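> Sequence below, structure please.
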Amino acid sequence: MPAIEEVLASEICECGSKTVAEAIKIFQKSGLPCKKAKKLVTECDKRCCHTALIALYEMVESGSFDYDEIERLIRLHNDKWAEHCEEIKHG
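Numbering: from 1, shown residues only. Here you go, the predicted model:
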């Protein structure tokens, strides 16, 4: 189980190069619906980090954070991305 500080410092979206902590601040300050607030974090229309960002948005809305779940979702995304890159390499 990673420390909360490690999770907060983790990059949640490669496109926008935002950390979990930055995404939380954006979600808290924006007051926008999820889809528009998510775009502020990602700075794109891609869905690569969608699952983690939706979960984080819902946690911000509820005020209850599950850092283990955030870390798990980021790890799953990163593992899937690494697997995809390996497939491309080995054709």
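> and the end-to-end length of stretch 27-42?
12 Å (CA to CA, to the nearest Å).
> contacts for the helix or strand harbouring residue 83?
For residue 83, the host element (DSSP states H and E) is helix 67-89. For helix 67-89, contacts defined as CB atoms under 8 Å, 6 or more residues apart in numbering pick out 1-2, 4, 6-8, 10-12, 20, 48-49, 51-52, 55-56, 59. Yep, even glycine has a C-beta here, placed from its N, CA and C like the rest.
> Residue 2 - nearest residue in space that isn't next to it in sequence?
Using CB to CB, 6 or more residues apart in numbering and skipping residues adjacent in sequence, the residue nearest residue 2 is residue 71, 5.4 Å away.
> quick one: the one you found from residue 78, how far?
Here the criterion is CB to CB, to the nearest Å. By it, residue 71 lies 10 Å from residue 78.
> quick one, which of the two is more surrounded?
Applying other CB atoms under 10 Å to residue 71 and residue 78 shows that residue 71 carries more neighbours, namely 19 against 15.
> if I look at that one, how far off is residue 65?
11 Å.
> Likewise for residue 81?
Distance, residue 81 to residue 65, by CB to CB: 24 Å.
> Could you tell me whether residue 47 really is in a helix?
No: Residue 47: not assigned to a helix; according to DSSP: H, G, I helix; E, B strand; the rest coil it is coil.
> ok, back up a step: using neighbour counts, pick out the buried residues of the helix holding residue 83.
67, 70-71, 73-74, 77 (16 or more other CB atoms under 10 Å).
> Which entry within these corresponds to the minimum pLDDT?
For the buried residues of helix 67-89, the weakest pLDDT value sits at residue 77, with 84.
> per-residue pLDDT, residue 1?
67.
> do the same with residue 44
For residue 44, pLDDT reads 83.
> Spit out the contact partners of it.
Neighbours of residue 44 in contact, by CB under 8 Å, 6+ apart: 15-16.
> How many neighbouring residues does residue 43 have?
12.
> Now do the contacts for it.
Contacts for residue 43 (CB under 8 Å, 6+ apart) come out as 15-16.
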